[in-house]
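Structure of the sequence below:
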Amino acid sequence: MKKGTTLTIAVKPFLDSKVTTREDGEALRDYLQEHWEQVEMIVLDFRGLQIASVSFLDEAFGMLAEAHPKKEIGHKIRVVRMDANDQIMYESILKSRESQFRKTKRASRSETVN
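This is a model prediction of the structure:
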C-alpha cells in the first residue's frame, strides 16, 4: 500500500469478534502501527460489535495515543459503525491519554531545564 491510499479494516472478522482483552486491543494496535506510514487513512468498521471493554479500547487506542498525538489519530483513523457507548469510551480514552502524554512531556522538559 502506498501513501494516499485507505486501509479499511472490518474489525469483527479481523479479530474474530475478540474485543474484550488487552491482548485483543494490542493485536489491533500492532496492525495499525505496521501500516501507519504506508497509508493516508485507516477506516475501522465496527459493524456488528459491541465492545464495552475499557481494556480493549485503551490498549488499542490509548496506547496508540502515546505514539501519535490525538490530532494525528483524528486525521489518520476513521471509526465507523461503532456502538454509541463504545464511541464515548473511545473519545474519553484518547482525551485522557493525550492529557497524560502532555503532563509527562512537560515533566520531562522541566527535568531537562533543571
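
what residue ranges in this structure score low on pLDDT?
Along the chain, the model assigns pLDDT under 70 to residues 1-3, 102-114.

where along it do the helices fall?
11-14, 22-35, 54-57, 63-67, 70-76, 84-113 (DSSP state H).

so of these, which one's packed in deepest?
helix 54-57 (a mean of 19; mean count of other C-beta atoms under 10 Å). Quick note: C-beta positions are derived from backbone N, CA and C, even for glycine.

right, and residue 76 touches residue 36 too?
Yes - using C-beta atoms under 8 Å as the test, residue 76 is close enough to residue 36 to be in contact (7.1 Å).

Between the two, which contacts overlap?
Both residue 76 and residue 36 are in contact with 42, 68, where contact means C-beta atoms under 8 Å, 6 or more residues apart in numbering.

Quick check: which of the helices of the chain is nearest to residue 48?
Minimum separation from residue 48 across these (C-beta to C-beta) falls at helix 11-14, 5.0 Å.

Residues contacting that closest one, please?
Outside helix 11-14, the residues that touch it by C-beta under 8 Å, 6+ apart are 19, 28, 31, 44, 45, 46, 47, 48, 49.

distance of residue 93 from residue 5?
Distance of residue 93 to residue 5, computed by C-beta to C-beta, to the nearest Å: 27 Å.

From one end of stretch 55-65 to the other, what's the distance?
End-to-end span of stretch 55-65 (C-alpha to C-alpha, to the nearest Å): 14 Å.

quick check, distance from it to the centre of its chain.
How far stretch 55-65 lies from its chain's middle: 5 Å, per C-alpha atoms, centre = their mean, to the nearest Å.
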